[in-house]
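Asker: All I have is the shape, not the residue letters:
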């Protein structure tokens, strides 16, 4: 994608492993693409003593051998996070960890509740004091409220009342509990180490790094309880209408991961092929917007028979910021990250394949840069449908007004991007490439059809994580 | 390349530009691949006041808008550096900057002198005090020694006495001077801004970013003097036997750069094609060791007609270090950076293309990882000849004993790597792909033929930069 | 005092002042002697937005002009803290600040509750989650619990249930409230600026620095409410048996402060005079253990007619730590802080006056050092009675077993200190010097008579601040 | 003193001690009053490997156990420094340390050369490159210049050419050398540990702390060489006119030190007594400007029979900076450091004794503050003569125009200070109190008679340390 969408989280959990904190750390390392703003790990040992390290920044900067060895115990949960600027602060970093009447308790959460405001209000009236603006804290306070009943029951009772998208891991002295909302918006997979211990993670690429095997999915509406007596699975709610986020396949997930049980690589490649079948063009060269467009671009090249090649050199040493000169430099904002190879593009008819377009501003810059290299024709192909609506289940899209496809015709988009042609993958093509059925996915950003009611979105206060 | 060679420097110089420090900063940003250990910029204003910022770390971490605005003046030089562990410290970071009897003076240097020890000894006997173990400091002391003669003459007289590889930029109140040793080991190009001001840089990708145009090369044995009266070029020594480092084409330079006046991309692609012609094989798939092998791999695929595809997903969030678990994890050291796409490799006959092999240890790990994904056959192809000798002109190769090709037959290498076949590009093929003549390149690492005498290498003390 | 007692807090509050945060900062500057471990200031503006800065360290290190200007608003509270090692961490630093259902709320507290454990347990059963081990947090949770009744009523209702020593300041959008427990253990005074605005502080020296005038005491069992409608005073509880901490006069308070309405300097000087009358001796010289003994030492000299002089030079640049050599150095631990003036002491009969003795270990070292300078006789005089019992109302004394006077006779103490004579001020003399009546003071550390029941002290968990 | 004079250095040297760096550290701890801006220690082990730690800040902040153990070897030199704002930077911090042709070399210096500019110019013409603006670097370059002759001879030859005030310690692989200029401006004493090893330090209070015994003075014009063969003393120059800085007795040195072989405490007390004899007055109370005036104030009280008491409470927690409110607060700038005890001063006739007055601005503020407490009469007494001229030998006085006594009559000073009377100690009284002869002291700041020619002072460039 040429515009950056900010996914909001990656989570991991490890149970019964002698190097639990190191496994959680490596899991987060592999999930870093899901959030680069903050990272944290919490462990709780068998005596109930808890340890946590959370900081702004990337996993590789935050943890050291010494810090990992401080994180004592055989069970751990971890979290990486990206968020909108307003609330980018350590207080909202996860996992959240508290000591309440029943001891240490920690939670990490991926997703977004739609009834957060309502639940918070009830809890505050009851006397609860919130210390973050992160909706995961609601679950913490509900668990503290239910302190007199059995812990697993308290978890189930609490989750039952939460509406929206949530994949969570919960840790206390005795249990690691993993759960997904009844609609199953966000992914959460179970892995198993050679010695039998379990791990959960947002994506399976975390298992590959630590040498764990894929074991299965945490199902929608299910709590999976890891304890000394092994793995135990229960429903906490009726399964709702299945609503797997199809954007995980398009952009978020690493291509080497399996998401909702399917290979991201295969589906993403097939999207490119389908796009080639739907929107072929006469051209000399297919190039990708690196790196997220590469997989679909090769698929497009396969389907159309046009040669694929590397069109851009990516600067691998881009930091979080760079300083722009006062004087205007042509294509500067894009060129700091990508430099086109002029010899490759000059005089050619070029197809540029991207995975998705949000605002369109970066696409326009990339196109201009390719044009400046002397490309004769430029055909823009996008391996997903037009984005027309925001996400309320955990993806950080801009508002409707900023989405280029919301109120512009294809002709207008073509004009704005200044290309010879522009084509999106059709919604039907997307479904076909995914190998599933429309009713199993959340495609609200493409079709405005929100699987779960949005009343809280009317309120001013927006809970996040 | 699967083993990391550490190039030692990238340099830039800017003259007469209102945003000189920002231009130097952006130049270094583009040259970051030439050195990630330290970076620095020095400016000297027209009153002779000097400003410098140097730190360990990457360009994006070191400089801020505030720091760049502190770096006052319209002329600047900059430096990025990688070095061997022993002397990785701020004292050796460049540019060096001193105040001597004629005012502020600064130098940045890429390369390695072979008579450093000898020159240092003479200067020390004369009373000079060295503050670094960087051989660039020798030039500083020579210039201080020649303080009573004209500055440009002093520069020429000093450079004349230096032997080995050096591309340098020198800055004082009045001049920016760029020079290359008489053999022309290391690259140094001249660029020009739209408004006529000049810039020099190790690679032309620096010009692309700031919107400057390529103007030409600093020639071997030449000093190029930038002053208020414009650009002025002089020889400081007879041109020696031409000895352009061919490794710049193979690995160091960014593919979007022009080096010694030629397109790196084109030559590197041609190396892949030539390798395909020299060493074809029956296979289902060509994959590259990312990212340095991609360019040659596509060339190999073109020449052989075998399909190219992405075999590995690279983790873009690798920090400078990572923590390994105590327990052994299969293929861990490689997998933290690269994850193979199993679906792609299973049951296939795979050609892996790499740009070069130094120790062979990483190659072996990558191959093993591919094998573990179920590849039926693995054919390793290297788009450069076997490395058999160390470099004394600025590349940080290990000692002979550590070079796998130094004392192992092809059969032994094949056994060590555990592949069905392994083949290198021939020296002749390399020359052919480069489009030049053997006598114009330094290929000492491949053929043990050192263009400049190495007496200082016998001495214990090794000057660096 | 030669052994260090750690007082636990100093607090300030400012209402309606255009430079509220700066006034709070200066107040804390003046109260720094009451706690050097952490400091913090919280402001809440009229819209209810809160701002806080808290850090480990001293006031002068923590705040800058920029930070003070960030602390927006016309009302502020502040806190300096010393605590026992175990819980020396930022989480326990004050003021505490939360957002609850009625908006921002902040509290700073000096003292120690004796029913903290009991209250915490009730609140936790109700679902409250505590984030510190600081007993001030109990008040916060009680206020959140009473969120549906009027704020001032909620404060009164909450304070009513707290037992032990507490001087507190409470801040929200509308009010600054100052209160003291019904026994009035810890001091809290009211000051007034020239323009009519109010300030409260643990000691009046804070008013001197900011140019405010002393206005009166916050009375025991009283809440003083500062709001837009001025100052308003109410009882929240029947006044209990008066229990002013007499140790404030002996050691804690700065001599230039007025505490409980009386001049510390005058009382402390009178203690010295009384000691002179009770325990005179033939000697050549009276010296003080600096700086806390100086005031009484001059009084002792006055009453006995013996010449007072400076016996020690104090090193003013003592940091928080110093490194001791491996090899033993005579009197090292004391000498790093104090160096005796040999010429002054040699051959003399010396009276050393100290304000109090806790463990006696430092006194012994000081005496030895004076002896090593050639003093002929050493007479130790202490301007307070023997300390025989710990404090549960906010002073951090060691346990009984560590108190030298707890189970040693005067003869044993004399032997331990190795002096010609040792004498304490009598309890009656102390009362006389203070100008008050025994029944108005807490002298539990001298007479084991605790004014408020101690049930929580039996429990393991100790709440602090 | 009420205005702060910035002394420029304290130095130490340790030879042959197993904990050399720790002894140097403790020595600097004791000399911290001589400079709080930066501190450093250098050690050189017997193989010639050198170790150094230098930083801005106080000794207690800079060194840790780990850092001291890094400073390997049995010989060390150390330095504390205060300097004028302009050149307050790490580059000028000492000890200076270089590697030159004969190995590691380090120097620490107290004083100020008057021919620095001249010497530097000669060395620079010869090709030397200076890296600091510290005149100690001149000595380093001279030693590098004389690299072919015997080291001790090189030291003597170099020192011979230096004019002005210098007490130095020099360290290399084999020697610790201590030296004082031929006039003996600045102090430097020799101490000896119980086991026979030697130490040198600016003041003897450093010996007290580490348990070393005073051994004697480094004489003016002498080099004292400590080596494996013991202590060896030589003249490097004819002794010049003796010019001991009398201000060391008045203000700089700690009262518990011996300077130039005499007790500072005794001389300073005697100055107070002499002042009492020269300038008595009818009054109720003698108070001191703390802490530097206390010693003389007690002497004044003795001589006049007026009672001495503590007039001010000093805030011991003053950081390096404090933030002043925007609104004007009466006496603020002084009150942040000192608070007068009103009860003590009200209605009294008060003598305030100070050790010296530079600009008079702070004195005026202190007097005003005392007046505001209700003092009936204020008599200001200064235990040194009027300062009328700047120092060029290492004290950082302001320029002539800023010295209140330079161009104001006693009547004008009295008016400015707003006192009933003001009196200084006479120059004759000062000499008498010091027990020496006028011709042995430098009193240039009082009598404008500079013992060593000042030609370099005409030049613009001022070398410092």
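Answerer: Everything's here; your move. For clarity, every value in this text was computed on a predicted model and none was experimentally measured.
Asker: In the stretch 301-450 of chain A, what residue lies closest to chain C?
Answerer: residue A:321 (21.4 Å; C-beta to the nearest C-beta). For every residue, glycine as well, the C-beta is placed using N, CA and C.
Asker: How about the contacts made by that residue?
Answerer: Neighbouring residues of residue A:321 by C-beta atoms under 8 Å, 6 or more residues apart in numbering or on different chains: residue B:60.
Asker: How confident was the prediction at the closest residue to chain D within the stretch 301-450 of chain A?
Answerer: Closest residue of the stretch 301-450 of chain A to chain D, C-beta to the nearest C-beta: residue A:323 (25.6 Å). Looking at residue A:323, its pLDDT is 85.
Asker: Would it be right to say that it lies in a strand?
Answerer: No. Under the criterion used here (DSSP: H, G, I helix; E, B strand; the rest coil), residue A:323 is coil, not part of a strand.
Asker: what number of residues lie near it?
Answerer: 18 (other C-beta atoms under 10 Å in any protein chain shown).
Asker: per-domain residue ranges of chain A.
Answerer: A:6-246, A:264-442 (automatic domain parsing).
Asker: out of the ones you listed, nearest to residue D:36?
Answerer: domain A:6-246 (33.5 Å; C-beta to C-beta).
Asker: In chain A, which residue sits nearest chain D?
Answerer: Here chain A gets closest to chain D at one residue, residue A:66, 14.7 Å apart by C-beta to the nearest C-beta.
Asker: Next, that residue: phi, psi?
Answerer: For residue A:66, the backbone dihedrals are phi -60, psi -40 (criterion: degrees, to the nearest 10).
Asker: how near is the closest residue to residue A:413 other than its chain neighbours to residue A:281?
Answerer: Of all residues not flanking residue A:413 in the chain, residue A:422 sits nearest, at 5.7 Å (C-beta to C-beta, 6 or more residues apart in numbering or on different chains). Applying C-beta to C-beta, to the nearest Å, one obtains 10 Å for the distance of residue A:422 from residue A:281.
Asker: Overlap of the contact sets of these two?
Answerer: By C-beta under 8 Å, 6+ apart, the residues touching both residue A:422 and residue A:281 are A:379, A:381.
Asker: Which strands border the strand or helix carrying the residue nearest to residue A:413, and is each parallel or antiparallel?
Answerer: Per DSSP states H and E, residue A:422 falls inside strand A:421-424. Take DSSP bridges as the rule and strand A:421-424 pairs in its sheet with strand A:377-382 (parallel).
Asker: Give the next helix or strand downstream of the strand it pairs with.
Answerer: strand A:395-396.
Asker: returning to what we had before: could you pull up the residues touching the residue nearest to residue A:413?
Answerer: A:379-382, A:410, A:413-414.
Asker: can you pull the contacts of the residue lying closest to residue A:260 once chain neighbours are set aside?
Answerer: Among residues not flanking residue A:260 along the chain, residue A:244 sits closest, at 5.0 Å (C-beta to C-beta, 6+ apart). By C-beta under 8 Å, 6+ apart, the residues touching residue A:244 are A:184-185, A:187, A:260, A:436, A:440-442.
Asker: Please identify which pair of those residues lies farthest apart.
Answerer: Longest span within the contacts of residue A:244, C-beta to C-beta: A:185 and A:436, 14.7 Å.
Asker: Quick check on these two: which one has the bigger neighbour count.
Answerer: Higher neighbour count among residue A:185 and residue A:436: residue A:185, with 31 against 17, using other C-beta under 10 Å.
Asker: Would you agree that one falls within a helix?
Answerer: No. Secondary structure of residue A:185 (three-state DSSP): coil, not part of a helix.
Asker: Give me the mean pLDDT for the longest helix belonging to chain A.
Answerer: The residue-count maximum for a helix in chain A (DSSP state H) belongs to helix A:264-278. Helix A:264-278 carries an average pLDDT of 97.
Asker: Verify the contact between residue A:110 and residue A:11 for me.
Answerer: Yes. When contacts are counted by C-beta atoms under 8 Å, residue A:110 is listed as touching residue A:11 (5.1 Å).
Asker: out of the two, which sits in the busier spot?
Answerer: Higher neighbour count among residue A:110 and residue A:11: residue A:11, with 33 against 30, using other C-beta under 10 Å.
Asker: so the more buried one makes contact with residue A:79?
Answerer: Yes. Counting by C-beta under 8 Å, residue A:79 is a contact partner of residue A:11 at 5.4 Å.
Asker: Mutual contacts of those two, please.
Answerer: A:108-109.
Asker: Close to chain B: what parts of the stretch 151-300 of chain A are there?
Answerer: Taking C-beta under 8 Å from any C-beta of the partner chain as the contact definition, the stretch 151-300 of chain A meets chain B at A:205, A:208-211, A:254-256, A:263, A:265-266, A:291, A:294-295, A:298.
Asker: Can you give me every residue that contacts residue A:155?
Answerer: A:143, A:170, A:177, A:179, A:223, A:236.
Asker: Could you give the backbone dihedrals for the first one?
Answerer: Comment: the main-chain dihedrals of residue A:143 come out as phi -60, psi -40, following degrees, to the nearest 10.
Asker: In this structure it contacts residue A:156, no?
Answerer: No. With contacts counted by C-beta under 8 Å, residue A:143 stays clear of residue A:156, the gap being 10.8 Å.
Asker: These two - which one has more neighbours?
Answerer: residue A:143 (24 against 20).
Asker: can you pull the pLDDT of the more buried one?
Answerer: So, for residue A:143, pLDDT stands at 97.
Asker: separation between it and chain C?
Answerer: Going from residue A:143 to chain C by C-beta to the nearest C-beta, to the nearest Å gives 9 Å.
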